[in-house]
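Undergrad: for reference, the sequence and a predicted model appear below.
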Amino acid sequence: MRNNPSRRAPTRLSGFDFGQGKLFSDHENAPGGLGDGRLDRPSRKTAEGGERVTLHMKFSETQPDGHETRLNDPERLAALKATGLMDSLPEEAFDRAVRLATRITGTPVGLVSLVDGERQFFKAQIGLESPRETPLTHSFCQYVVSADRPLGVSDARDHPLLKDNLAIPDLGVVAYLGVPVHAPDGQTLGAFCAIDSSPREWTKDELQSLQDLSHVLEAELALRHAAAERQLVLDELSHRIKNLFANVSSIIRQSRRQKDSVDEFATAVELRIKALVQAHELIIPVALGAGSGPSIPFQRLLSTILEPHYHAHLGQVTWEGPAVALGSKATTALALALHELATNAAKYGALSDNQGHLGIAWEVAGDKLTLDWRETKGPAPDPTGMRAGFGSKLISLSIERQLGGSIETDYRDDGLVRRIALPLDALAA
């Protein structure tokens with residue numbers, strides 16, 4: 001259970017005692033090295049002739065329309081979760097940025113605040129001994145997130161929207177300047193901010209400095225995202241090579257069962273390996289992160305993916321459903337998922353012998369396509385092994401993350417049934 005900051009022991013800001021509500025009189029001994037007494041100065045930059053920031057940075061005087069909706073936007077929260085930064089340990093890359101911010105602005109507090117729908121978490125902080133998170137009752141940064149633009153206030157105690165915010169009495173926030181921090185996909189994760197315990201007018205240079213530092217953090221997040229994507233590609237390629245050998249072995253095994261002569265066997269193997277190459281060409285854009293190319297009919301995609309794995313004259317694979325056109329991005333993502341499902345069927349399921357059957361049926365209702373993948377008359381599946389493998393992760397990545405759909409699996413004694421639901425707008429992309 002999270003503690004309410006209003007019930008905590010007094011929090012100490014460097015040079016300021018929030019329990020007593022007064023500045024340290026001896027700045028030479030104040031924590032944080034503020035021996036020059038800068039906290040007494042309401043506006044160091046302005047006093048030196050710095051250009052004041054423009055009016056568009058000011059907070060709204062009332063709660064902005066759509067504020068809660070923006071904070072709780074599922075796509076924004078998913079992007080925040082994907083970073084793995086919430087509740088994570090301090091990291092030098094973020095700590096260095098807030099140190100620079102406080103040196104540049106001369107403020108006692110700098111924060112990298114990540115905001116979800118209920119709280120703000122301080123990924124990096126300087127000038128606050130505690131806490132590392134607060135509820136939104138103590139947050140100015142939430143408004144930077146919902147507005148997705150820089151916001152500043154000279155004296156929050158006089159501001160209609162902010163004057164009752166508990167960050168003022170509990171954290172000593174008086175002057176505030178914050179800029180958005182974005183995820184690699186553009187979603188707003190939180191705010192990079194500078195805070196003073198005394199009134200001050202913010203300057204254009206201070207705003208620009210915070211924005212520059214925020215862009216540095218965004219570049220760090222982009223590099224981490226690229227590294228994770230690169231590792232996924234390496235894992236996928238390794239998995240794909242292993243599956244390639246398994247597929248060739250399955251082709252040879254099934255062709256041998258049906259052909260009486262060496263020439264017939266060689267011809268069958270050659271044709272099926274060519275079909276396998278065609279199927280792999282459909283998933284190359286996924287592995288390379290491209291996702292470009294012409295759209296194709298869904299039935300053609302199925303035919304190309306399944307050709308290496310079945311014998312048409314035995315009727316091992318059947319499908320039915322209405323015509324659906326797939327966009328280039330959806331084609332590559334769906335090709336990867338179907339290829340994985342077909343490979344599993346050939347290695348372990350209904351297509352691993354001549355007695356099994358794979359039936360595929362799909363329908364369109366409303367704004368969704370629903371597909372049933374039904375394997376019968378094959379060996380009993382091993383749910384434990386199928387859930388734990390990298391292939392299952394690829395299926396989930398393609399169906400759920402890339403296409404925004406869902407997949408459910410029902411394991412049975414003689415096979416399995418998978419139900420896949422996909423939004424039509426994602427299939428058209």
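TA: Done, it's in.
Undergrad: which residue ranges of the stretch 251-400 of the chain form helices?
TA: In the stretch 251-400 of the chain, the helices defined using DSSP state H, counting those that start in this stretch lie at 262-288, 298-306, 328-347, 383-388, 390-396.
Undergrad: and if you look at the stretch 101-250 of the chain?
TA: Going by DSSP H, counting those that start in this stretch, the stretch 101-250 of the chain shows helices at 141-147, 167-171, 204-258.
Undergrad: weakest of those in terms of mean pLDDT?
TA: Of all those, mean pLDDT reaches its minimum on helix 204-258 (a mean of 77).
Undergrad: list the contacts for the closest residue in space to residue 113 that isn't next to it in sequence?
TA: Distance criterion CB to CB, 6 or more residues apart in numbering; nearest residue to residue 113, sequence neighbours excluded, is residue 141 at 4.1 Å. (Each C-beta comes from the backbone N, C-alpha and C, glycine too.) Applying CB atoms under 8 Å, 6 or more residues apart in numbering to residue 141 gives the contacts 111, 113, 115, 120, 178, 190-191, 193.
Undergrad: with residue 298 instead?
TA: Applying CB under 8 Å, 6+ apart to residue 298 gives the contacts 321, 323-326, 334, 362, 427.
Undergrad: quick check on the residues you listed: which are buried?
TA: Those of these that meet the buried threshold are 321, 324, 326, 334, 362, 427, by 16 or more other CB atoms under 10 Å.
Undergrad: for burial, what's the neighbour tally of the closest residue to the last one other than its chain neighbours?
TA: By that I understand residue 427. In space, and not counting its chain neighbours, residue 427 is closest to residue 330: 4.5 Å by CB to CB, 6+ apart. A count of nearby residues for residue 330, using other CB atoms under 10 Å, gives 27.
Undergrad: which pLDDT value does the model give residue 330?
TA: 81.
Undergrad: before we move on, back to that, which members of the buried ones among the contacts of residue 298 occur in strands, if any?
TA: 326, 362 (DSSP state E).
Undergrad: not counting sequence-adjacent ones, nearest residue to residue 376?
TA: residue 415 (4.5 Å).
Undergrad: check contacts around the one you found.
TA: Residue 415 neighbours (CB under 8 Å, 6+ apart): 349-350, 356, 374-378, 381.
Undergrad: what's the lowest-pLDDT member of the residues you listed?
TA: Lowest confidence among the contacts of residue 415: residue 381, with 79.
Undergrad: was I right to think it contacts residue 411?
TA: Yes - using CB atoms under 8 Å, residue 381 is in contact with residue 411, at 5.3 Å.
Undergrad: low-scoring stretches of the stretch 251-400 of the chain, by residue?
TA: Across the stretch 251-400 of the chain, the ranges flagged by pLDDT under 70 are 251-260, 264-265, 267-295, 308-314, 384-391.
Undergrad: let's go with 50 and repeat that
TA: Within the stretch 251-400 of the chain, the ranges that satisfy pLDDT under 50 run 286-292, 312-313.
Undergrad: give me the domain ranges for this protein.
TA: With domains defined by automatic domain parsing, the chain comprises 5-224, 259-427.
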